[in-house]
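Please work out how this folds:
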Amino acid sequence: MGKTGVPLGPLCRWYIYALHGYFAEIMFTATWNFVANRNWKLFGVTSVWALFIYGTFGMILEHLYLAMRCRCNLLVRGVLYTLCIYLWEFCTGYILRCFNACPWDYSGFRHNFMGLITLEYFPFWFVGSLLLERLVVYNALRLRLDKTWKPKENPELQPELKDD
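Okay, the predicted model is just below:
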């Protein structure tokens, strides 16, 4: 059976990646807070900058995936993704720090570099990048919009136009 419909455009895919990253960061920080402090409130935190950071990196990872999917095995791709994540996190963190807007600081971690990246997160970034590839990017690229779909006209939801 062939593909029907129109693939999602880049802006729609960017939006999916941005929301996924935003949600994943909130869940990660809530879990980290629970494990470290036994805080049952499960407070997760993030920054509005995360939408741009995760959305744009999702597009970068998408292009890497398309270029490497037939050339590299999953383990190699995971390592390359993780190295790209570290580069992206460092660059975006450095730019945000120049404006006193960087929402993270890893200077309390033993293996950090300038407080912007830390090797302690390598396993999380590695697993997260593979989950992003297999669950989000792969499926976002497969999503199609039906060419024939049109919203139903519902007179109850239409505002009445009155001549005044």
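
low-scoring pLDDT stretches of this structure, where are they?
For the chain, the stretches with pLDDT under 70 are 1-3, 149, 151-164.

give the contact list for the residue nearest the centre of it.
The centroid of the chain falls nearest to Gly21 when counting by C-alpha atoms, centre = their mean (3.0 Å). By C-beta atoms under 8 Å, 6 or more residues apart in numbering, the contact set of Gly21 is 50-51, 53-55, 57-58. Glycine gets a C-beta too; all of them are placed from N, C-alpha and C.

doesn't it fall inside a helix?
Yes: the assignment for Gly21 (DSSP: H, G, I helix; E, B strand; the rest coil) places it in a helix.

just the helices in this structure please.
Taking DSSP state H, the helices of the chain run over residues 10-37, 49-68, 74-98, 122-131, 138-142.

mind checking which of the ones you listed is nearest Thr4?
When the helices of the chain are compared by C-beta to C-beta, helix 138-142 sits nearest Thr4, at 12.0 Å.

tell me what the closest one is packed against?
Counting contacts by 3 or more C-beta pairs under 8 Å, 6 or more residues apart in numbering; DSSP states H and E, helix 138-142 packs against helix 10-37, helix 49-68.

Any idea how far the shortest one is from the middle of the chain?
Centroid displacement of helix 49-68 relative to its chain, using C-alpha atoms, centre = their mean, to the nearest Å, is 7 Å.

hmm, who's touching that helix?
10, 13-22, 24-25, 76-77, 80-81, 84-85, 88-89, 92, 96, 101, 103, 129, 132-133, 136-138, 140-141.
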